[in-house]
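A.B. asks: would you be able to build a 3D model of this:
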Amino acid sequence: MLPDINAWLEESQVPYTDSVIGAAVFDLSGLPKEYFTTAESSDISWVQAIFQALGLQSLLMSSLRLDGFNHATVHGKIYCAVVVRQKARYMALLIQKNDVDAIAAPLIQWMQSFEPSSLKSTPRFSTV
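C.D. replies: Purely as a prediction, here's the structure:
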């Protein structure tokens, strides 16, 4: 069973729930499948930037024959989106820009095994 977000946060004492304001799930071809928003940001326009980044990543990987995509960060004015590849999908989280540097490495490790469907039972998030 994959880690529960709240239990993991309590163990690590890292306030990720305060930093995450949106989430998106993409299939392995880079197509968006599911979105989660919060009251802080109901706008999902950031998903377009992730879609484009995944397309560019796919093009570069096939053209240059690169291996091992681990994660990417797309920086905006106020927020950053962090994308990781999981076994069967890509997971992207929208985070306050000032929080990204402090939590980058632990967040990426956590995101690699995070089950996005658990956001459905987290009151801060709603499905779009």
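A.B. asks: ok, what's across the strand from the nearest residue to Tyr90 once chain neighbours are set aside?
C.D. replies: Of all residues not flanking Tyr90 in the chain, Phe26 sits nearest, at 4.1 Å (C-beta to C-beta, 6 or more residues apart in numbering). (Each C-beta comes from the backbone N, C-alpha and C, glycine too.) Beta-bridge partners recorded for Phe26 (DSSP bridges): Pro32, Tyr90.
A.B. asks: count the residues that sit near Phe26.
C.D. replies: Neighbour count for Phe26, taken as other C-beta atoms under 10 Å: 21.
A.B. asks: residues touching it, list them.
C.D. replies: Pro32, Lys33, Ile50, Phe51, Leu54, Val83, Arg89, Tyr90, Met91, Ala92 (C-beta atoms under 8 Å, 6 or more residues apart in numbering).
A.B. asks: reformat the residues you listed as JSON lines; add neighbour count and distance to Ser62.
C.D. replies: Converted to JSON lines, those look like this (neighbours: other C-beta atoms under 10 Å; distance: C-beta to C-beta, whole Å):
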{"residue": "Pro32", "neighbour count": "17", "distance to Ser62": "20"}
{"residue": "Lys33", "neighbour count": "11", "distance to Ser62": "22"}
{"residue": "Ile50", "neighbour count": "22", "distance to Ser62": "19"}
{"residue": "Phe51", "neighbour count": "17", "distance to Ser62": "17"}
{"residue": "Leu54", "neighbour count": "23", "distance to Ser62": "13"}
{"residue": "Val83", "neighbour count": "24", "distance to Ser62": "18"}
{"residue": "Arg89", "neighbour count": "14", "distance to Ser62": "19"}
{"residue": "Tyr90", "neighbour count": "27", "distance to Ser62": "16"}
{"residue": "Met91", "neighbour count": "20", "distance to Ser62": "22"}
{"residue": "Ala92", "neighbour count": "28", "distance to Ser62": "21"}
